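sequence and predicted model, in that order:
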Amino acid sequence: MDIKAYIESGILELYALGDLSQSERAVVVSNLQRYPALQKELHQIEVALENYANLRRVMPRAHVKQRLMESIQNLQKEEVMDPTDLPLLHKGADHEKWLRFIESLGPLTLGDDGRHIRVLQHHERLTQLLIVSTTAFEEEVHENVHESFLILSGACRCTVGNQVTLMSAGDYMQIPLFQPHDVQLISPTVTAILQHQTF
C-alpha cells in the first residue's frame, strides 16, 4: 500500500468524522491494524478535530443545563409513574404509559354530569387531573394559568381562538394565555390528563 497516497485521499478524516459506510469503515479498521503509520496519522487527525471543535464551541446559557436536567428527570419519572411524583405533561409525553397508570387506579365511575374527575397531584403551582367525560367543555379563558392536556383515549375538537384542532389518543396541546378555548367531543367518551401550572 502507498501509505502517503492513502493518507492524502482523506479517507482517515472521513473515518474520524463517521462519514463512511459500514463496509468502508471495515476496510479502514483493517488497514489501521496493519499499518502503525495510519494509526499515528488518525490520532493526529482526531486531535486536530477536537482542537477545532474547542475553538469553535459555543457555551450554552446557564439555564440550558438546568432545563436539560429537568427534562431528563421528567423522562425518568415517566418511566416509573410514581403516583406520589408524577411527570409533567409535555409534547413528547407517552400516553400509553399514562393509560397504564390510569388502569392501575381501578374502575372509574361517571357522575350524574357524565364526568369522572380525579386529582392526581396538586402542589402550590401544579395541578394534574384525570378527566373522563361524555360531555363537552364550555369556553374558558386563563389569564395566569398555563393549561395543557394529553388525550389518552377518544377524540375531540379543540377550538383555541379561531383555530380548530382535531385531537385523538396521544395528542398534546398547550393553551396560550388569554385565548378563549373549548372542547367538543367527537367520540362518545374522552379520557385525558389536564395540567394547570402557574409561574
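Yep, it's here.

so residue 54: helix, strand or coil?
helix (DSSP: H, G, I helix; E, B strand; the rest coil).

same question, residue 158
strand.

my guess is it contacts residue 174. True?
No - with contact defined as CB atoms under 8 Å, residue 158 does not reach residue 174; the gap is 11.1 Å. Every residue, glycine included, has its C-beta placed from N, CA and C.

more crowded one of these two?
Per other CB atoms under 10 Å, whichever of residue 158 and residue 174 has more neighbours is residue 158, with 19 against 14.

in the sheet, which residues pair with the more buried one? Tell me.
residue 165, residue 183 (DSSP bridges).

next up, the contacts around it.
164-165, 167, 173, 181-184 (CB atoms under 8 Å, 6 or more residues apart in numbering).

of all these, which two lie farthest apart?
173 and 184 (13.7 Å; CB to CB).

how about the contacts of residue 158 in TSV, adding pLDDT and distance to residue 26?
Putting those into TSV (pLDDT from 0 to 100; distance: CB to CB, whole Å) gives the following:
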residue	pLDDT	distance to residue 26
164	97	54
165	97	49
167	98	48
173	97	48
181	97	56
182	97	60
183	97	56
184	97	58
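
let me know the pLDDT of residue 63.
At residue 63, the model reports a pLDDT of 85.

ok, residue 82 next?
95.

what do you get for residue 77?
For residue 77, pLDDT reads 94.

residue 86 is in contact with that one, correct?
Yes - here residue 77 reaches residue 86: they are 6.7 Å apart, a contact under CB under 8 Å.

more neighbours: those two, which one.
Just comparing residue 77 and residue 86: by other CB under 10 Å the higher neighbour count belongs to residue 86, 20 against 14.

pretty sure that one sits against residue 128.
Yes - using CB under 8 Å, residue 86 is in contact with residue 128, at 6.2 Å.
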